[in-house]
Structure formats: structure tokens, C-alpha cells
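[1] Here is the input, now give the coordinates:
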Amino acid sequence: MIRGVFSGDAGQAALADGPCTPPHDAASAARVLSGLRGGFIEAVEPVDAFRRRAGVPLTDLGEVTLLPGVVNCHAHLELSHLAGRTVLGGGFVPWVKSLLPLAGADTPPEVRAAALANAARQLAACHTAHVGDITAVAPAAVRRAMQGASIGCSHFAEVFGYRFITPGGEPAAPADTAALWPRAMAELAADNLADAPASAPSPAHGAPFPVHPDAALAGHALYSTHPVALAAARRWCERNHRVFSLHLAEHPDEVEFLTTGRGALADLLAVRVLPPGFSAPGMRPVLYAAELGLLDEGTLAVHCVQLDAADIRLLAESGAHVCLCPRSNAAINVGTAPARALADAGAPLCLGTDSLASNHDLDLWNEARALRDLPAGRDLPPAALLRLLTVGGAAALGRGDIGSMAPGRRARLALLPEDFSQALGTTP
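    Coordinates of the predicted model:
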């Protein structure tokens, strides 16, 4: 964290340490972070050296503390136009029943664009550097909205269902990687090619077309995607050095379905998803994911609410990153993730807002406040919360260019809110 001085001339930024930053000493008080053209931090150097080299004026921002831009690891931005239109408070199945007809309806492009512009403004207002977004129907629109707000975006295109077809329209086995590719991946590839035809990437290993550099296959959930398809998508991500995202242990209905094959979720899935003769695995979600080989350091396990002690231990031992979405969980009413127990077990944690169809806003600071105020997260130190917002999020998304203020990192920075500043003792 750095006391702020800033210059916006010609793309320059200089952010100087000040006396409110702990720990501070003579060396740190004289340092400056300088971000030059291209939006990256160029150096950490003495203020006087920066003045001589850059030749730009420095403007004091006052008694503020600067830190890396926050990283929102889980969102569904293409659902932004559904804000306030879903059934909340009754659990997962009533919520998803209200969501499906809305999400499946044709949305006028101008309506979606306006909702995405609002979502981008919300993300920018809380100084979001990067967002991990689940995409299915409007990836190009999301990409352009994030580009317009100078917010980085990792696109997770979900593999969904139990029936797959080849590009030629023939039935395919779920292990046939060519049949797994969601339409969203093709749309992102085409949009990327349209933007930069001369620099289009080569096809990734096992992909039928050039893949957007920030796109990856993802699994929807253990109950909604064929287990062989999940494993195939995970292997593709591993071979191509992409993060694999999966909704995991989000709600009691998921646990009931996977362990017994019964319940409200089973009834819903039987109508439109499950194949004839489906048999539940008879395991809790985390154990089942581990059995399928889905959990390791390259996995982003989202929600992780319905956990017992064995689940917590298994997640921590796997090295999978756990993305907590406390406000969405509370709004839908699916329970509370055991954040402190996960942290104590050594599971790497990060934060996500989920969608505006299940949350009030996309402000990650509000997500951290909600976690801080829950019994399960109340004992997390303020510094640990900041790690979830920054370093933890960058690691979870596999991003080495964000999450800290160091040479070579993107110069996308945030202001520490006053309540966090007071808790950390950085307020003078």
C-alpha cells in the first residue's frame, strides 16, 4: 500500500509513499511507483529520480492509500440486464427457475449493451483491474464493454449438458474435445480476429479454431455437465495453461442430488438436462470433483458453501483456489461458506460478486465487507481480506500482471476505502 501522489500527463503516473503507510521507514518514504505509456508500472525508484527522468508534475491526492486494482474472480456479466428480476431468498431451485426463462429470452442488443455499460461503470467505480467472467451467449459484447472501461477480462466458456454433437452435427462422445466447444469460444475467436487480423493467435492444442488468449473452457457444475466432459475440459485447460472454473458445492440441493439422486434439483434436471438412466455418483460434491481429477492448483472452485471438515481438508490439500461469493449466497439463501475454516486449512481464497441477477452490485469492496461481517469471516484480519481482493484474485486467475504494485505489473490501482484504512491503521 502506498500513500498517493499522481500525475496523469501523457499517460504518466507517479505514486509516492507517504507517512500513513505501514510499515514505513526512510527508504519506503522516498520511493515512487512510476507507470508510463502502455499502462504498466515501469519502476520503483526515489521520488527525485522520477522527477528528473519523467519531467512531469506530481499532484498530491491527499491522505489516501493506494493498492493494486481489485480482482473480481467470478461474475456473469451477460446477465446484467436481469438485475432485480429473479426470485431471491427461496433457495437455488426457485431462483434458477425464475432465471431460465429470462436468460433464454431474446434480448435486444441495445438493452444488453446498456446493462453491460452500467456493469462496467460499477466495476470501474470500485477500481476493478480484472474480472473472471462466465460467458455463454454474449462474450463479444462483454469483451467490448470491458475494453471500453480498460478492465481486463478472463472469459470462462462453460461446457454444459450430457449430450454433445460434432461440428458437423453428428452425435459425439463427451470425451470428444472437438464437440465440447461452446459457441461462446467461437464468437470470442471471431471477435478477436476482427480486431487484430494480422496478430491472430495460432489454434490452441486440441481447439478447432484460434482461441482468444484470455478465454478458457469451464465446467458449469457437477450436476449439469457430463463427468467425462468435465474431465476433458479440465485436461484441455491444463495442456493450454488456462484456469479451469467450476461452480462447486454451492447449495444444499446440489449435495442432495449428487448423494441421493433425489430432491428438487433432480426434478428440475430431469426435465431438460439429465439423460435416460442417469445414476447419481453417491458422493458429496468436493469428493466427487476430486475423484474426477478436477481439483488442483489450476482450478477455480466457485462458492464452496456446502462443506464439511473433510471437504475443507480435501480442498486445501488439492491447492484449488476457492472463490467466495457471500452476498450472492445470502441473496439466494443457500448458506454461508466457511471462510475462516478454509483460510485456517490453507486453502487459497479470492472473492467474486457473481451476477446482478443474484447480487445488488458489482462492488468487490462490498463483497469483502459482507464477508468481514459474517460469523464465518468475522475473524479474518483486514490484511487477509485485502489479499483476497488483490494477490489472491490474481493468483486464482493465473494473472502475473496484476495483484501487486511492482515493475512490470499493470498500473491499474485502487484507493483503499476509509473503513478498511481505519481497520489497518493507515489513516493518519
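[2] Give me the next element, helix or strand, following the helix or strand encompassing Thr65.
    Using DSSP states H and E, Thr65 falls within strand 59-68. Per DSSP H and E, the first helix or strand lying C-terminal to strand 59-68 is strand 70-75.
[3] For that next one, give the mean pLDDT please.
    When pLDDT is averaged over strand 70-75, the result is 98.
[4] strand partners of that strand, parallel vs antiparallel please.
    Strand 70-75 pairs in its sheet with strand 128-135 (parallel), by DSSP bridges.
[5] tell me which residues of the following helix or strand past the partner strand are tucked away?
    Once strand 128-135 ends, the next helix or strand along the chain (criterion: DSSP H and E) is helix 139-148. Going by neighbour count (16 or more other Cβ atoms under 10 Å), the buried part of helix 139-148 is 139-146. Quick note: C-beta positions are derived from backbone N, CA and C, even for glycine.
[6] Next: stretch 304-313.
    Neighbour counts over stretch 304-313 (16+ other Cβ under 10 Å) mark 304-307, 311-313 as buried.
[7] May I see those organised as TSV, with distance to Leu268, pLDDT and secondary structure added?
    Output for the buried residues of stretch 304-313, formatted as TSV (distance: Cβ to Cβ, whole Å; pLDDT from 0 to 100; DSSP: H, G, I helix; E, B strand; the rest coil):
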residue	distance to Leu268	pLDDT	secondary structure
Cys304	22	98	coil
Val305	19	98	coil
Gln306	17	98	coil
Leu307	23	98	coil
Asp311	24	98	helix
Ile312	28	98	helix
Arg313	31	98	helix
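[8] Tell me which two in those residues are the farthest apart.
    Val305 and Arg313 (16.5 Å; Cβ to Cβ).
[9] Starting from Asp419, give me the distance back to Ala229.
    Look at Ala229 and Asp419: by Cβ to Cβ, to the nearest Å, they are 44 Å apart.
[10] And the two? Which one has more around it.
    Ranked by neighbour count (other Cβ atoms under 10 Å), Ala229 and Asp419 place Ala229 first, with 26 against 14.
[11] So the more buried one versus Ala138, what's the distance?
    Distance, Ala229 to Ala138, by Cβ to Cβ: 23 Å.
[12] What are the boundaries of the helices in the stretch 1-150 of the chain?
    Assigned by DSSP state H, counting those that start in this stretch, the stretch 1-150 of the chain shows helices spanning 26-29, 47-54, 92-104, 109-125, 139-148.
[13] which one of these lies closest to Leu351?
    Taking Cβ to Cβ as the criterion, helix 109-125 is the member of the helices of the stretch 1-150 of the chain that comes nearest to Leu351, at 13.2 Å.
[14] Give the other helices and strands that the closest one contacts.
    helix 139-148 (3 or more Cβ pairs under 8 Å, 6 or more residues apart in numbering; DSSP states H and E).
[15] what mean pLDDT does the helix it packs on have?
    Helix 139-148 carries an average pLDDT of 95.
[16] what about dumping the CA coordinates of that helix to CSV?
    What follows is helix 139-148 as a C-alpha-only set of coordinates in CSV (Å, rounded to 0.1, in the frame of the first residue of the first chain):
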residue,chain,number,x,y,z
PRO,A,139,-19.0,-12.9,-24.9
ALA,A,140,-18.1,-10.4,-27.6
ALA,A,141,-20.4,-7.8,-26.1
VAL,A,142,-18.9,-8.4,-22.6
ARG,A,143,-15.4,-8.2,-24.1
ARG,A,144,-16.0,-4.8,-25.7
ALA,A,145,-17.7,-3.4,-22.6
MET,A,146,-14.7,-4.3,-20.5
GLN,A,147,-12.3,-3.0,-23.1
GLY,A,148,-14.1,0.3,-23.1
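[17] orientation of that helix relative to strand 70-75 in degrees?
    Angle, helix 139-148 to strand 70-75, by axes from the mean of the first three to the mean of the last three Cα atoms, to 10 degrees: 170 degrees.
[18] After helix 139-148, which helix or strand is next?
    Per DSSP H and E, the first helix or strand lying C-terminal to helix 139-148 is strand 152-159.
[19] Which residues in that next one does the neighbour count mark as buried?
    Within strand 152-159, the residues scored as buried using 16+ other Cβ under 10 Å are 152-159.
[20] cool, and stretch 164-174?
    Neighbour-count burial for stretch 164-174, counted by 16+ other Cβ under 10 Å, picks out 164, 172, 174.
[21] before we move on, what about stretch 382-398?
    Buried, per 16+ other Cβ under 10 Å, within stretch 382-398: 382, 384-398.
[22] Restricted to strands, list the buried residues of stretch 164-174.
    Mapping these onto strands (DSSP state E) picks out 164, 172.
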